[in-house]
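Asker: Sequence first, then the predicted structure:
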Amino acid sequence: MVEDGRTAFARTHRRCEEDFSAFLAKVLFETKEAFREASLRLWYILAIFKGFGRRFSEGSMQIFHSCKKLLPAVIALAALYVGNTVLSAQNQSKAVPGATGQACPNNDSGLKLPAGFCATIFADGIGHARHLVVAPSGVIYVNTWSGRYYGNDTPHAGGFLVALQDKAGTGKADVHERFGETAQSGGAGGTGIGMYNGSIYAEINDRIVRYSLAPGSIVPKDPPVTIISGLPLGGDHPMHPFIINADGSMYVDVASATNSCQLKNRTLKSPGVDPCVELETRGGIWRYDASKPNQAFSKAERFATGIRNGEGFAMDESGRLFATQHGRDQLHTNWPDLYKPDQEATLPAEEVLLLKQGGDYGWPECYYDSFAQKLVLAPEYGGDGGKMIGVCANKLAPAAAFPAHWAPNGMVHYDKKEFPARYRNGVFIAFHGSWNRAPYQQAGYNVVFQPMTDGHASGACEIFADGFAGAVKSPDKAAHRPSGLAVGPDGSLYVSDDVHGRVYRIVYRGGSADGARNVTPCPSASAPAGDIVEAPANPPEGTHPDAGAAANAGLAVPEGATREVVALGERIYRGQVGGAPCTGCHGDAGQGSTLGPDLTGKKWLWSDGSFAGIKKTITDGVPQPKQYRSPMPAMGGAQLTADQVSAVAAYVWSISHRATSATQPDSPR
């Protein structure tokens, strides 16, 4: 009897096992990877039956006779579970562009992203959007700027601070509210913005202020409280980005006033000030208490030094603090005897720094040479073009290096789980884009991801988002330029643009298991400059070999010059002759940029616009610009001959007289 009972149990148990096995085989071989979880759950049910079979005695055998009756119901329930899983996965795959190859829903961004990622324009036209931060509620706060960086154009109406909210859940802001100081109240906006203990902190002019938010309101109702005042303004880098950590320490970038601490800023062969007294109040990171009102800027709070322009901040899960560094400019322009023209475009590297209290990162005495992979002595302080190290042996090298002049304006550590795991151990960096690579191809204008381990780069970076600039990457023609980054509570990555005030929202929809499909590696930091370029994009009108000659034939010619001289001047202007490209600041057609004035009109800042006046301005340079942030070195920073100065002056005069060119003679009379 006992033997017969065990035999009956075994037969029933075996039948249960066979039925489950057949069903699971169907699930495993007729479904896709998305349904593995359901299959594994069914295997688990089977394991329970096996465990019970080993434990139960013949006295409990009758319980298992019910398996014959319960088994079809269990299978039906399991099938229903799998069916729901299949349906859910099918519905999800229809909504996952990365998995199906369909376009992202509402994808109006024009950005190129890795497989599985989608971008939308969250907001547009809000002013020159710099840095941004996202509240736990999902409201995005943006600081906007104005002034000479943007050609002194008219600021956006209303306050310089903007609150953006997507109440409808469409991926686009349907609430726009402005607050803070306005141009009428004396404000100019700023770059830095952050949140701490539910309050908004923002840079405005020479201050960082705190706005308290009332319950239920996304903008403040009360005036701000000043946290820090007296921050240095003026010079090349008057912005004050910052970050606040969990204990309320506020780290503020107080960037340099000059390019390389020369006696005469950005001037041919001007030596460095030694010691660089500018470092007492500029060129470093300062630390303050975010909870303490009315602190005054002073030398005493300096946290780290030797940082030319550290605009982007990030903090990892271990509390390590990082800052970006914009490398110096004009190595060939100011020191043509030591550097070749292409080294203007390839040196020095842009950097991510691991900040340490009391750390010295080398500026202005040193710069990071990505070819030699070390800090080397700058020419203003006795450097020989990249071989000498000197005091740089005692400076702190970067945690990561990137191609020259890409301009890292914003940075954020990704601390959410919505992106694939490979993006959780590193930083995203917004590269504003170069100007000092001219006459070679400009670069940057993108967002990259840099993997990090233990505070240092753990692999090559990848270009995560590109296409911001549009058809042409140049300061004067870029449609949009990335400036700030922030991560939302839902895992979205937000990117700000300071050309036309656009905010992008990037999300992950799936379709690539690790997010590694369609990834574009960054070029090496030691990649060559490439070819000299005049037109980075193919013109829609086609290519006409004689079009340039025809255009020059129609240019005005100043008295004392010829058409041949004007043609030579154009080549000098574009950097093809003489090594002094003017396009980086004045645009490829003289239309001007945020770095230099328009040369095609009748408004002259430093002369009367005559041929002789333009020659004098080029010869002497502009050490202290009236409306633009960067001085123009004498003769463009190159060793132009007198004839070459006359030629480029003739070209500049010519493009400012296009309207009357039809009446000009072939040669002066």
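Answerer: Alright, I've got the coordinates. Residues are numbered from 1 along each chain as shown.
Asker: now the residue nearest to the spatial centre of the chain: how far from Q644?
Answerer: When Cα atoms, centre = their mean is applied to the chain, the residue found nearest the centroid is A430 (0.7 Å). A430 sits 38 Å away from Q644, going by Cβ to Cβ, to the nearest Å. Any C-beta I mention is one placed from the backbone N, CA and C, and that applies to glycine too.
Asker: residue ranges with poor pLDDT in the stretch 151-300 of the chain?
Answerer: Across the stretch 151-300 of the chain, nothing is flagged by pLDDT under 70.
Asker: sorry, that was for the chain
Answerer: 1-103, 512-515, 534-555, 576, 579-580, 629, 659-669.
Asker: picking up where we left off before, what's opposite the residue nearest to the centre of the chain in the beta bridge?
Answerer: G410, V447 (DSSP bridges).
Asker: you'd agree it is up against G410?
Answerer: Yes - using Cβ atoms under 8 Å, A430 is in contact with G410, at 3.8 Å.
Asker: Name the residues contacting each of those two.
Answerer: Shared contacts of A430 and G410 (Cβ atoms under 8 Å, 6 or more residues apart in numbering): G312, P482, S483, G484, L485, S496.
Asker: Mind jotting down where the helices sit in the stretch 501-650 of the chain?
Answerer: Assigned by DSSP state H, counting those that start in this stretch, the helices in the stretch 501-650 of the chain fall at 547-553, 563-573, 583-586, 611-620, 642-655.
Asker: Make TSV out of those and add distance to V134 and mean neighbour count.
Answerer: Formatted as TSV, those follow (distance: least, Cβ to Cβ, whole Å; neighbours: other Cβ atoms under 10 Å):
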stretch	distance to V134	mean neighbour count
helix 547-553	49	12
helix 563-573	44	21
helix 583-586	34	24
helix 611-620	47	18
helix 642-655	45	23
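Asker: what's the closest of the ones you listed to Y196?
Answerer: helix 583-586 (38.5 Å; Cβ to Cβ).
Asker: which outside residues touch the closest one?
Answerer: 435-439, 474-475, 573-575, 592-593, 595-599, 628, 630, 632.
Asker: what do you get if the cut-off is 6 Å, keeping everything else the same?
Answerer: Residues outside helix 583-586 that contact it (Cβ atoms under 6 Å, 6 or more residues apart in numbering) are W435, A438, R574, G592, L595, G596, L599.
Asker: what does stretch 324-337 give?
Answerer: With contact meaning Cβ under 6 Å, 6+ apart, stretch 324-337 is reached by 259-260, 268, 307, 309-312, 339, 341, 343-344, 347-353, 367, 379, 407-408, 411, 436, 637, 639.
Asker: domains of this protein?
Answerer: Using automatic domain parsing, the domain parsing of the chain gives 2-94, 117-521, 547-663.
Asker: Take the ones you listed and write them to a markdown table, including distance to D108.
Answerer: Listed next are those as a markdown table, based on distance: least, Cβ to Cβ, whole Å:
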| stretch | distance to D108 |
| --- | --- |
| domain 2-94 | 20 |
| domain 117-521 | 5 |
| domain 547-663 | 26 |
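Asker: Touching, G510 and C118? I think so.
Answerer: No - using Cβ atoms under 6 Å, G510 is not in contact with C118, being 10.1 Å away.
Asker: Please identify which of those two sits among more neighbours.
Answerer: Set side by side, G510 and C118 show more neighbours around C118, with 21 against 17, by other Cβ atoms under 10 Å.
Asker: Confirm that that one sits in a strand.
Answerer: Yes - the assignment for C118 (DSSP: H, G, I helix; E, B strand; the rest coil) places it in a strand.
Asker: what helix or strand does the closest residue to it other than its chain neighbours sit in?
Answerer: With Cβ to Cβ, 6 or more residues apart in numbering as the criterion, C118 has its nearest non-adjacent residue at 3.4 Å, and that residue is C104. Counting by DSSP states H and E, there is no helix or strand that carries C104.
Asker: Just the strands from the stretch 251-400 of the chain, written as ranges.
Answerer: 284-289, 295-296, 302-305, 313-315, 321-325, 350-354, 366-369, 374-377, 400-402 (DSSP state E, counting those that start in this stretch).
Asker: Format those strands as a markdown table; extra columns: mean neighbour count and distance to D360.
Answerer: Formatted as a markdown table, those follow (neighbours: other Cβ atoms under 10 Å; distance: least, Cβ to Cβ, whole Å):
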| stretch | mean neighbour count | distance to D360 |
| --- | --- | --- |
| strand 284-289 | 21 | 9 |
| strand 295-296 | 14 | 24 |
| strand 302-305 | 20 | 5 |
| strand 313-315 | 24 | 19 |
| strand 321-325 | 26 | 13 |
| strand 350-354 | 24 | 11 |
| strand 366-369 | 26 | 9 |
| strand 374-377 | 21 | 11 |
| strand 400-402 | 26 | 18 |
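Asker: Columns distance to A135 on top of those, output as a markdown table?
Answerer: What follows is these, written out as a markdown table (distance: least, Cβ to Cβ, whole Å):
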| stretch | distance to A135 |
| --- | --- |
| strand 284-289 | 22 |
| strand 295-296 | 24 |
| strand 302-305 | 27 |
| strand 313-315 | 18 |
| strand 321-325 | 22 |
| strand 350-354 | 26 |
| strand 366-369 | 36 |
| strand 374-377 | 40 |
| strand 400-402 | 29 |
